[in-house]
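>>> structure for this input, please:
(chains A and B)
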Amino acid sequence: MKNAAHIKSYLEGSLEGEELQQFEDRLKHDDNLAEELAEALIVQHNRVNLKDRLEGIHSGMQRVSESRNQSERWSMAAAIAIICVITVVLNLIQPMGWSNSLYRMHFETAPPIAKLRDPGSASVASLEEAMSFYINGDYVRAEKAFASLAQEQQKEVYNYYLVQSMLASLEPDYQEALRILDSLVAQKGGYYQQTLWYRALVHMKMGNLRDAKRDFTALSDQAGYKSKESNEILKQL
Amino acid sequence: MIFRLGSRTFLIIGEALSIDNFCKFGPHNGRMSKDNRGEQEMLECLKQGMNENAILEWIYRQNFASVANMLKAYGQQPDDIKDVFQEAVIIFYENVKRDKFRRESSISTYIHAIARRRMLKRLRDEGKMNTVSMDEEDLLKSTPVEDDFWMIQYGQEKRLERLLLGLKEDCLKVLTYFYYEHLSMKEISMRMKFKNEQIARNKKSKCLTYLRRLWNQTPNLD
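Numbering: from 1, shown residues only, chains lettered A, B, ... in the order given. All right, here's what the predicted structure looks like:
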């Protein structure tokens, strides 16, 4: 292109004044210049169009990249959230698992000393029958028998062994056991410390660690029944 | 084999594709492998102007990151990197259209080489060649840099539009085939479905005359 520099300046708008006038005058009569300008014009028109298409592709790539980054950020946030949830759940489950094993380690049924301590006045025969179930490990029958006795006469000993039978059965109703234990603790009778111990164990089993700690602390402070064991459990909780 | 299900068209991979079908499906159907099988078909589609957008997009996505990394090593900024890369793609495209790309290297190698030369030219023009090694200066001297390539500044394209205002679509096509794609009159007559080359020649001449008439009617661009 002989006139390339002028054409470039003309298309870029940098030709001014007299120079511009001269160029436009020449354009009217100079066929070569006109053809060269036409060529440059068509080439530039196509390059600009192509550049626009490439800009579109570039923007699309950036959008994808940004959305990928965003989705990566969301994935990261979701992963962190899942880890947090798992951590919280594990923190909730682990103490329960631990308290379960502590319960299993420490729970054992109370010795059948009721007959000696309290032969009872209502129905010695029924108590003996209930206690024989209890001694033989037939806790389902023992539970029924003690429940029947407790219904007849609200004696601490009946309820105490009723709870023992309930807790020793295959599928204990801990909630009901806890209700009975609460009423026994409230009575502050002869089985108070034993009841407190079993209530603490049931609280621990049910994951009520704060209540369990409260009862174990009470036992530990009294330096009496199961105070040593309570102290050890408190250290482990 | 190609079959249709509802509004979708499916291609069974593994079948040899005709150029027409390759161009129709583009390079996204898995036929473009790492060893660049299918490049020839892709270049043929570009040359024929078929499915250009999909092919350009594929080439852009395949090469941008690696070219950008190369340009970054020379301390180029993101906007310059994008401009240099796009220039390289435009030059590649034009060379394909004008049969200047002889397939002596892969598309990727070719675009990388152009981008590198364009970047070195920029550094030279900006007087920053001291950041470039002697080997690269030698490369610049020994290989063509497409020195005559230039693009109108972004924002100045309205001047072009005004100079082309009123030109009919078929004229723009004929002039584009002739001046931009460097097609022969025979090829233009085939693309435009003219009966013979002479009609194409006359059409080009008439369009040029018409364009000059438009310029004479156009008031001063500034």
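>>> what's near enough to touch residue B:99?
For residue B:99, the contacting residues are B:47, B:182, by CB atoms under 8 Å, 6 or more residues apart in numbering or on different chains. All C-beta spots, glycine's among them, are computed from the backbone N, C-alpha and C.
>>> got a pLDDT number for it?
Residue B:99 is assigned 90 on the pLDDT scale.
>>> and what about it, helix, strand or coil?
With DSSP: H, G, I helix; E, B strand; the rest coil as the basis, residue B:99 sits in coil.
>>> where in chain A is pLDDT low?
Judged by pLDDT under 70, chain A has its weakly predicted residues at A:1-2, A:90-98, A:114-124.
>>> max-length helix in it?
helix A:31-106 (DSSP state H).
>>> that one close to chain B?
Yes: judged by CB under 8 Å from any CB of the partner chain, helix A:31-106 comes into contact with chain B at A:34-35, A:37-39, A:41-48, A:50-51, A:53-55, A:57-58, A:60-61.
>>> mind checking which of these are buried?
Among the residues of helix A:31-106 next to chain B, those that count as buried by neighbour count (16 or more other CB atoms under 10 Å in any protein chain shown) are A:34, A:37-39, A:41-48, A:50-51, A:53-54, A:57-58.
>>> quick one: name the residues of chain B near chain A.
Contacts of chain B with chain A, taken as CB under 8 Å from any CB, map to B:53, B:56-57, B:60-61, B:64, B:82, B:86, B:89-90, B:93, B:148, B:150-154, B:156-157, B:159-160, B:163-164, B:172, B:175-176, B:179-180, B:208, B:211-212, B:215-216, B:220-222.
>>> which of those are buried, as a PyMOL select command?
The following PyMOL line selects those of these that are buried, judged by 16+ other CB under 10 Å:
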select buried, chain B and resi 56+57+60+64+82+86+89+90+93+150+151+152+157+159+160+163+164+172+175+176+179+180+208+211+212+215
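>>> ok, for residue 39, nearest residue in space, not its chain neighbours?
No chain in the question, so chain A it is. Closest residue in space to residue A:39, ignoring its immediate chain neighbours: residue B:179 at 4.3 Å, by CB to CB, 6 or more residues apart in numbering or on different chains.
>>> I was after chain B.
Computed as CB to CB, 6+ apart, the closest residue to residue B:39 that is not its neighbour in sequence is residue B:107, at 5.7 Å.
>>> wait, that neighbour sits on residue B:59?
Yes: with contact defined as CB atoms under 8 Å, residue B:107 counts as touching residue B:59 (6.2 Å).
>>> anything in contact with each of these two?
When contacts are counted by CB under 8 Å, 6+ apart, residue B:107 and residue B:59 are jointly contacted by B:42, B:92.
>>> what residue ranges in chain B score low on pLDDT?
Along chain B, the parts satisfying pLDDT under 70 run over B:1-22, B:24-37, B:129-147, B:218-222.
>>> point to the residue nearest the middle of it.
residue B:93 (2.1 Å; CA atoms, centre = their mean).
>>> how about the contacts made by residue 53?
Since no chain was named, I'll use chain A. Contact analysis of residue A:53 by CB under 8 Å, 6+ apart lists B:53, B:56.
>>> please go with chain B instead
When contacts are taken as CB under 8 Å, 6+ apart, residue B:53 is in contact with residue A:53.
>>> so the residue nearest to residue A:39 makes contact with residue A:44?
No: the pair formed by residue B:179 and residue A:44 falls short of the contact definition of CB under 8 Å, at 10.3 Å.
>>> surely residue A:6 touches residue A:15?
Yes: taking contact to mean CB under 8 Å, the distance of 7.0 Å between residue A:6 and residue A:15 places them in contact.
>>> show me where chain B has helices.
So, for chain B - with DSSP H - the helices run B:19-25, B:39-48, B:52-72, B:78-97, B:107-125, B:134-142, B:157-164, B:169-175, B:185-191, B:197-217.
>>> re earlier: for chain A, see how far away the residue nearest to residue B:39 is.
Remark: distance between residue B:107 and chain A (CB to the nearest CB, to the nearest Å) = 15 Å.
>>> what is the burial count for that residue?
By the measure other CB atoms under 10 Å in any protein chain shown, the count of residues near residue B:107 is 21.
>>> swap in residue A:171?
7.
>>> ok so it is a helix residue?
No: under three-state DSSP, residue A:171 sits outside any helix and is assigned coil.
>>> from residue B:93, how far out is it?
Plainly put, residue A:171 is 79 Å away from residue B:93 if you go by CB to CB, to the nearest Å.
>>> same deal with residue A:25?
The separation that residue A:25 has from residue B:93, given CB to CB, amounts to 36 Å.
>>> do the same with residue A:166
According to CB to CB, residue A:166 and residue B:93 sit 86 Å apart.
>>> am I right that residue B:152 is in contact with residue A:11?
Yes: look at residue B:152 against residue A:11 with CB under 8 Å: they come within range, at 5.8 Å.
>>> overlap of the contact sets of these two?
When contacts are counted by CB under 8 Å, 6+ apart, the set common to residue B:152 and residue A:11 consists of A:44, B:159-160.
>>> ok, and the closest non-adjacent residue to residue A:191?
According to CB to CB, 6+ apart, the nearest residue to residue A:191 is residue A:160 (4.8 Å).
>>> same question but for residue B:74, I mixed them up
Leaving aside its chain neighbours, residue B:74 sits nearest to residue B:119 (6.1 Å; criterion: CB to CB, 6+ apart).
>>> number of nearby residues for the one you found?
In terms of burial, residue B:119 registers 25 neighbours under the definition other CB under 10 Å.
>>> which ones are touching it?
B:71, B:74, B:76, B:84.
>>> mind putting the residues you listed in TSV, neighbour count included?
Below are those laid out as TSV (neighbours: other CB atoms under 10 Å in any protein chain shown):
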residue	neighbour count
B:71	24
B:74	18
B:76	19
B:84	25
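>>> what's the most distant pair in the residues you listed?
Checking the contacts of residue B:119 against each other with CB to CB, the farthest-apart pair comes out as B:74 and B:84, at 9.7 Å.
>>> circling back to that earlier point, now the longest helix of chain A, how far from the chain's geometric center?
Taking the mean of its C-alpha atoms, helix A:31-106 sits 28 Å from the chain's own mean (CA atoms, centre = their mean, to the nearest Å).
>>> by how many degrees do it and helix B:197-217 diverge?
Counting by axes from the mean of the first three to the mean of the last three CA atoms, to 10 degrees, helix A:31-106 points 90 degrees away from the direction of helix B:197-217.
>>> now the angle from helix A:31-106 to helix B:157-164?
Angle between the axes of helix A:31-106 and helix B:157-164 is 140 degrees (criterion: the same axes, to 10 degrees).
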